[in-house]
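In: sequence and predicted structure below; questions after.
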Amino acid sequence: MVRDKTPSAQETFMQMAQAAGLRKRVLVTIGILILARLGVFIPVPGIDRIAFQRAITDSNLANLVGFLDYFTGRGLSTLGIFALGIIPFINASIIMQLLTAALPSLENLQKNEGEAGRRKLAQITRYVTLGLALLQTSGIAILVNNYAINPGPLFIAQTILALTAGAMFVMWAGELITERGVGNGASLLIFLSIVSVLPRNLGQTIEQAQTGDRSFVYGVVILLLVFLVMIVGIVFVQEGQRRIPIISARRQVGRRLYLEKSSYLPLRLNQGGVLPIIFASTVFLLPVFLGNLFPGNNILISIANYLRPGTWAYVLVYLLLILFFSYFYASIIVNPEDMSKNLKKMGASVPGIRPGKATTEYIERVLNRLTFLGAIFLGLVAIIPTAVEGATDVRTFQGLGATSLLILVGVAIDTAKQIQTYVISQRYEGMVKE
């Protein structure tokens, strides 16, 4: 019996319900996600929440909290024990990727030490996560100390301990999903945080549309259409790749002659995914965060005002930062020289290109062009939703922009692919039993 390569939606849902292994993984994933979500609503004790809610309506602090709330499921604005969510682990993972590319000892662990090296890198990542969590929770504790019922060193220490313990628990939950569930745990936790904020924003939009004028309704329709077009574009770009043709040389083993085999070397259009936008957004949020920690610093305040969303300086600097981080991250992920050496070792070559230095230069040219196109797309995705929000005066989706859309679409595609992989494996197990 001939079966389709890609399982249908009906077959996928049937396997999720009937196959014990896949069903268990799905239930473990759902259970851990629910547990992680409940932790957002367990409050950190000793805080005057009314005074804190009034404070975060301030324009400067509201931008920072509003952006981070999309990655913590409103944990930061409600100050639950999972207020930081998976953010420290994500930051630690990014730092470790950068250090692995820069430090030969870490690169050796990743490439040459096998499973033991990867376990050691994972352990180092956990220690870096703990350090970042302590640093970030210290900043939050100092910031909310002004809104504590009994402010002082004891309150700061208790808040740091509670928030750090919550961040480490969320990290463990993400690793547990990756190991025993379906999909990447850290990505699914961010996905859950973003999705959990959407119903509230949709409710506010519907409520304002019912009480507002027709221009607001038209603005909402235009904004939703822009989001839909962006989602379609993100799917195409996330899945888009340039396939460089490769031909393997003829080999003779004994009396048998193996003919040339053609294949391809895939290079993704968007190598960095959402990371260039996250890096660029972090650069913009840094003056705002430091300005709230040091309110008397006029330099930080002027920088934050000069680079506020909607200005030409904001758009220009944002695009340049996205372009810079796209090239920076692509240079870390893809090494044309290593690719050229590996092709030469395998006896393969690109048609019309000499092996060695010529192949390296060719891959570099292709990679630079792809990175430029991917960076331009990321810049458009980052700027257009904000520009449309400003033009239509629809502010209820504030914070749902390029980063959130890229994460939602990317995680959904990756998780669906992993579930399809499990379904295909179950399919082959059934064929063996038959």
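Out: Yes, it's here. Residues are numbered from 1 along each chain as shown.
In: measure L154 to R119 for me?
Out: 38 Å (C-beta to C-beta, to the nearest Å). (Each C-beta comes from the backbone N, C-alpha and C, glycine too.)
In: meant to ask about S349
Out: Counting by C-beta to C-beta, the gap from S349 to R119 is 37 Å.
In: and these two? Which one has more around it.
Out: S349 (20 against 12; other C-beta atoms under 10 Å).
In: regarding the closest residue to the more buried one other than its chain neighbours, what is its secondary structure?
Out: Distance criterion C-beta to C-beta, 6 or more residues apart in numbering; nearest residue to S349, sequence neighbours excluded, is P355 at 5.1 Å. The three-state label given to P355 by DSSP: H, G, I helix; E, B strand; the rest coil is coil.
In: what's the burial count for P355?
Out: 16.
In: ok, now the one 3 residues further on?
Out: By the other C-beta under 10 Å criterion, the neighbourhood of A358 contains 14 residues.
In: next one: the strand or helix carrying it to chain centre, how far?
Out: With secondary structure defined by DSSP states H and E, A358 is part of helix 357-392. With C-alpha atoms, centre = their mean, to the nearest Å as the basis, helix 357-392 stands 17 Å off its chain's centre.
In: same thing with stretch 343-354?
Out: Counting by C-alpha atoms, centre = their mean, stretch 343-354 comes out at 35 Å from the chain centroid.
In: start at 11, not 1
Out: All set: I'll call the first residue 11, so the last point we hit is now stretch 353-364.
In: average pLDDT for it?
Out: Per-residue pLDDT over stretch 353-364 has a mean of 82.
In: do the same with stretch 190-199
Out: pLDDT averaged over stretch 190-199 gives 87.
In: list of residues touching that stretch?
Out: Under the criterion C-beta atoms under 8 Å, 6 or more residues apart in numbering, residues 32, 35-36, 38-39, 42-43, 46, 95-96, 99-100, 103, 180, 183-189, 417, 420-421, 424-425, 428-429, 432 lie in contact with stretch 190-199.
In: ok, and for stretch 183-194, which residues are buried?
Out: Applying a neighbour-count criterion of 16 or more other C-beta atoms under 10 Å, one finds 183-188, 191-194 buried in stretch 183-194.
In: one step back: in helices only, show me the contacts of stretch 190-199.
Out: 32, 35-36, 38-39, 42-43, 46, 99-100, 103, 180, 183-189, 417, 420-421, 424-425, 428-429, 432 (DSSP state H).
In: only whichever of those are buried, select them in PyMOL.
Out: Restricted to buried positions by 16+ other C-beta under 10 Å, the PyMOL selection for the ones in helices among the contacts of stretch 190-199 reads:
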select buried, resi 32+35+36+38+39+42+43+46+99+100+103+180+183+184+185+186+187+188+417+420+421+424+425+429+432
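In: what ranges do the helices span in the stretch 61-210 of the chain?
Out: Per DSSP state H, counting those that start in this stretch, the stretch 61-210 of the chain carries helices over the ranges 69-82, 85-88, 97-112, 114-122, 124-154, 163-190, 195-221.
In: now the stretch 261-410 of the chain
Out: 285-303, 308-316, 322-343, 346-355, 367-402.
In: figure out which of these is closest to T221.
Out: Nearest to T221 among those is helix 367-402 (16.7 Å), distances taken as C-beta to C-beta.
In: what packs against that closest one?
Out: helix 224-249, strand 251-258, strand 271-278, helix 285-303, helix 322-343, helix 346-355, helix 412-443 (3 or more C-beta pairs under 8 Å, 6 or more residues apart in numbering; DSSP states H and E).
In: need the least confident one among the ones you listed, by mean pLDDT.
Out: Minimum mean pLDDT among those: helix 285-303, a mean of 70.
In: can you pull the contacts of the residue nearest to S359?
Out: Contacts of P365 (C-beta under 8 Å, 6+ apart): 350, 353-354, 359.
In: tell me, how many neighbours does the nearest residue to V227 once chain neighbours are set aside end up with?
Out: In space, and not counting its chain neighbours, V227 is closest to A219: 5.1 Å by C-beta to C-beta, 6+ apart. Number of residues near A219 (other C-beta under 10 Å) recorded here: 18.
In: from A397, how far out is A219?
Out: A219 is 21 Å from A397, by C-beta to C-beta.
In: same deal with A93?
Out: From A93 over to A397 (counting by C-beta to C-beta), the distance is 31 Å.
In: tell me which of the two has more neighbours.
Out: Comparing A93 with A397 by neighbour count (other C-beta under 10 Å), the higher total belongs to A93, at 29 against 14.
In: quick check on that one: phi, psi?
Out: phi -60, psi -40 (degrees, to the nearest 10).
In: wait, what's in contact with it?
Out: 50, 54, 82, 85-86, 150, 173, 176.
In: let's have the residues you listed in a markdown table, adding distance to Q120 and neighbour count.
Out: As requested, the contacts of A93 are exported to a markdown table (distance: C-beta to C-beta, whole Å; neighbours: other C-beta atoms under 10 Å):
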| residue | distance to Q120 | neighbour count |
| --- | --- | --- |
| V50 | 34 | 24 |
| V54 | 37 | 22 |
| T82 | 30 | 26 |
| G85 | 32 | 28 |
| L86 | 33 | 24 |
| I150 | 32 | 18 |
| L173 | 31 | 27 |
| G176 | 29 | 24 |
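In: and those, which is closest to V284?
Out: Nearest to V284 among those, with distances taken as C-beta to C-beta, is T82, at 16.3 Å.
In: pull the number of nearby residues for the closest residue to that closest one other than its chain neighbours.
Out: The shortest distance from T82 to any non-neighbouring residue, by C-beta to C-beta, 6+ apart, is to G95 (4.0 Å). For G95, the tally of surrounding residues (other C-beta under 10 Å) stands at 29.
In: got a list of what G95 touches?
Out: Per C-beta under 8 Å, 6+ apart, neighbours of G95: 50, 81-83, 85, 177, 180, 199-200, 203.
In: then L45?
Out: A183.
In: gap between it and E399?
Out: From L45 to E399 the distance is 34 Å (C-beta to C-beta).
In: and what of Y372?
Out: 42 Å.
In: cool, R253 as well?
Out: 37 Å.
In: more neighbours: which of those two?
Out: E399 (21 against 10).
In: coming back round to it: quick one: pLDDT of the residue nearest to T82?
Out: 85.
In: what does N122 give?
Out: Looking at N122, the pLDDT reads 77.
In: just the one 10 residues further on next, same as before
Out: Looking at A132, its pLDDT is 90.
In: ok, now how distant is it from E125?
Out: 10 Å.
In: then N315?
Out: 51 Å.
In: who's more crowded, the two?
Out: Legend: neighbour count by other C-beta under 10 Å for N315 and E125, higher for N315 (13 against 7).
In: how about stretch 344-356: buried residues?
Out: In stretch 344-356, counting by 16+ other C-beta under 10 Å, buried: 344-346, 349-350, 353.
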